[in-house]
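>>> Starting from these lines, generate the structure:
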Amino acid sequence: MLEPIDIVNEAAFMVGATPLASLDANTQTAAGARLAYDRVLGHMLGLHWFSWSLSTRQLSRLADAVPLTGYKYVFALPPDREGNPRAIIADIKRPDALYSAFLLEGDTVHADADPLFARIRIKAPPRLWSGPFREAFTTALAANFAYSLKRNRQLAAELKLDAFGPSSMSDRGGKMLAAILDDAQSTPSLKSPLQDADPLTSAWVS
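Take a look at the predicted model:
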């Protein structure tokens, strides 16, 4: 089963760096690899709502919270989410019927409906990634390693260009574009329910 260490070592191999035995090792190299992995993954997930990174969660109501916003309830957002929710849903049997009468405030959602659900983005494990995304991520991570481990600016720039395309593409070119197009083709209905959503929800869609 594909694990983060496999991705890290594949990226290390691309730049001629020494592979790691474990990401959990108490070494500076392992700590740097963990940070690079999380940072690059977070950045790339922020560029597109990949279907395999989405998770539907029921929100936990904070019984002791007293909202000052005029809503009845306060719900906690999942701590493992990446960014704001893609959508808030009041009826789990109708996930396309988006709920718009809510307020996001920090790590909470204020609303009058209970129960309440959220469609969030998570840092899914590599075994769930698509092939094109794995290629894009591994190349982007290799670009990071080329600079941080090998101090090779030219190689780092070449790998970054391969992963994300020219700067004019805002990191949505190169192999990343292939990953985005692949995901869009495999889940053609993923984005359509949100295109007519309220302005706040629409602003979350990349």
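
>>> Compute the number of surrounding residues for Pro79.
6 (other C-beta atoms under 10 Å). Placement of C-beta: from N, CA and C, glycine included.

>>> same thing with Gly70?
Residues within reach of Gly70, counting by other C-beta under 10 Å, total 8.

>>> now Thr18
Neighbour number of Thr18 under other C-beta under 10 Å is 10.

>>> nearest residue to it other than its sequence neighbours?
Ala12 (6.9 Å; C-beta to C-beta, 6 or more residues apart in numbering).

>>> Could you verify that that neighbour is part of a strand?
No - read with DSSP: H, G, I helix; E, B strand; the rest coil, Ala12 is helix and lies in no strand.

>>> Pull the contacting residues for it.
Residues counted as contacts of Ala12 (C-beta atoms under 8 Å, 6 or more residues apart in numbering) are 18-20, 33, 142, 145, 149.

>>> can we see that at 10 Å?
The contact partners of Ala12, by C-beta atoms under 10 Å, 6 or more residues apart in numbering, come to 18-20, 29, 33, 141-142, 145-146, 149-150.

>>> And stretch 110-119, end to end?
With C-alpha to C-alpha, to the nearest Å applied, stretch 110-119 spans 16 Å between its terminal residues.

>>> Show the buried residues in the contacts of Ala12.
Neighbour-count burial (16 or more other C-beta atoms under 10 Å) is assigned, among the contacts of Ala12, to 20, 33, 141-142, 145-146, 149.

>>> correct me, but Arg61 touches Asp112?
No - applying C-beta atoms under 10 Å, one finds Arg61 not in contact with Asp112, separated by 11.7 Å.

>>> residues bridging contact with these two, i.e. touching both?
72-73.

>>> okay, these two: which has more neighbours?
Using other C-beta under 10 Å as the criterion, Arg61 and Asp112 rank with Arg61 on top: 17 against 14.

>>> Quick check: phi and psi at that one.
Main-chain dihedrals, Arg61, degrees, to the nearest 10: phi -80, psi 130.
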